[in-house]
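Chemist: sequence below, structure please.
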Amino acid sequence: MKLKKLVDQLMESKKMGRELILVSSGAIGAGMGRINLNRRPRSISKLQAAAAVGQGILMQTYEHYFDKYGQSIAQLLLTKDDFTNPIRYTNLKNTLETLISWDVIPVINENDTVAIEEIKVGDNDTLSGYVALGVNADILIILTDVEGLYTRDPNESEGGVLVKKVEKVTPEVEGWASKAGKGFGGMYTKVQTAKILAENGIPTVIVDGKEKHVIRSILEGEEVGTFFAPKK
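Modeler: All right, here's what the predicted structure looks like:
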């Protein structure tokens, strides 16, 4: 159901004339569900195996919901080499530009079936930042489970204030993010991604993905979530 709502929002924004690239997680979780694993595996080989099972399921689910709109999609599974190797990076950018010119929405994920520490991007926040830089995106929207960046973690303590706009990622801002966790998918990596994009002229919005029509609201200029202003 979450994927259906996401696809509905993406297609709503596409009707506004936007070109879209989706960076999505979920392959490992989908694989765990298919083979009835109750706990997330810890070993690399088991995580990779779960991802191998789940990648097809995840794309099949996206295909199902996008097809209701007659929208074609394409899967790209990437590793750090696709961004650090100049030839592969050029090929990636050319592929993305071609897909968009064909009116195809790229669905990107890290290639968890082969990714080891040496070639792992890190998490989808970092991956989405790399992609946004590669295509010189107009904006990066990071959908999460909280309203945005708080001065304190709202899940752990009261008194936290939502930061609606960040003009510059300072040590104080990084401190707020670190209190919300440095783990994969935590606020810290989101803020670090926003910092890099801001320095390259690309704005970022961190927002609660459960809000109705939140993507449209952002594209229409409404003040939702936390907006990280670009440097220029």
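
Chemist: who are the packing partners of the helix or strand in which Y188 is found?
Modeler: Assigned by DSSP states H and E, Y188 belongs to helix 187-199. Judged by 3 or more C-beta pairs under 8 Å, 6 or more residues apart in numbering; DSSP states H and E, helix 187-199 is in contact with helix 124-135, strand 140-144, helix 171-179, strand 204-208, strand 226-228. Where you see a C-beta, it was placed from the backbone N, CA and C, and this is true even at glycine.

Chemist: same thing but at 7 Å, please
Modeler: helix 124-135, helix 171-179, strand 204-208 (3 or more C-beta pairs under 7 Å, 6 or more residues apart in numbering; DSSP states H and E).

Chemist: in it, which residues are buried?
Modeler: Buried residues in helix 187-199, counted by 16 or more other C-beta atoms under 10 Å: 187-198.

Chemist: send me that helix as CSV with only the CA atoms.
Modeler: The C-alpha trace of helix 187-199 is given here as CSV (Å, rounded to 0.1, in the frame of the first residue of the first chain):
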residue,chain,number,x,y,z
MET,A,187,19.1,11.8,9.9
TYR,A,188,22.8,12.3,9.9
THR,A,189,23.4,10.8,6.5
LYS,A,190,20.4,12.8,5.1
VAL,A,191,21.9,16.0,6.3
GLN,A,192,25.3,15.2,5.0
THR,A,193,23.8,14.4,1.6
ALA,A,194,21.9,17.8,1.7
LYS,A,195,25.1,19.6,2.6
ILE,A,196,27.0,18.2,-0.4
LEU,A,197,24.1,19.0,-2.8
ALA,A,198,23.7,22.5,-1.4
GLU,A,199,27.4,23.2,-2.1
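
Chemist: mind listing what's buried in whichever strand or helix holds A50?
Modeler: Secondary structure assignment for A50, by DSSP H and E: helix 44-67. Within helix 44-67, the residues scored as buried using 16+ other C-beta under 10 Å are 47-51, 53-55, 57-59, 62, 65-66.

Chemist: please parse this structure into its domains.
Modeler: Domain segmentation of the chain under automatic domain parsing yields 1-121, 139-232.

Chemist: quick one: which of those domains is nearest G129?
Modeler: If you check each of the domains of the chain against G129 by C-beta to C-beta, domain 139-232 wins as the nearest, at 3.8 Å.

Chemist: hang on, A74 in a strand?
Modeler: Yes: A74: assigned to a strand according to DSSP: H, G, I helix; E, B strand; the rest coil.

Chemist: any idea how far E63 is from it?
Modeler: 10 Å (C-beta to C-beta, to the nearest Å).

Chemist: how far off centre is the helix holding Y188?
Modeler: In terms of C-alpha atoms, centre = their mean, to the nearest Å, the centre of helix 187-199 is found 12 Å from the chain centre.

Chemist: contacts for that helix, please.
Modeler: Residues from elsewhere that reach helix 187-199 (C-beta atoms under 7 Å, 6 or more residues apart in numbering): 122-123, 125-126, 128-129, 132-133, 140, 142, 149, 169, 173-174, 177-178, 180-182, 204, 206, 228-231.

Chemist: now do 8 Å
Modeler: Defining contact as C-beta atoms under 8 Å, 6 or more residues apart in numbering, one finds that helix 187-199 is touched by 122-123, 125-126, 128-129, 132-133, 140, 142, 144, 146, 149, 153, 166, 168-169, 173-174, 176-178, 180-182, 203-204, 206, 228-231.
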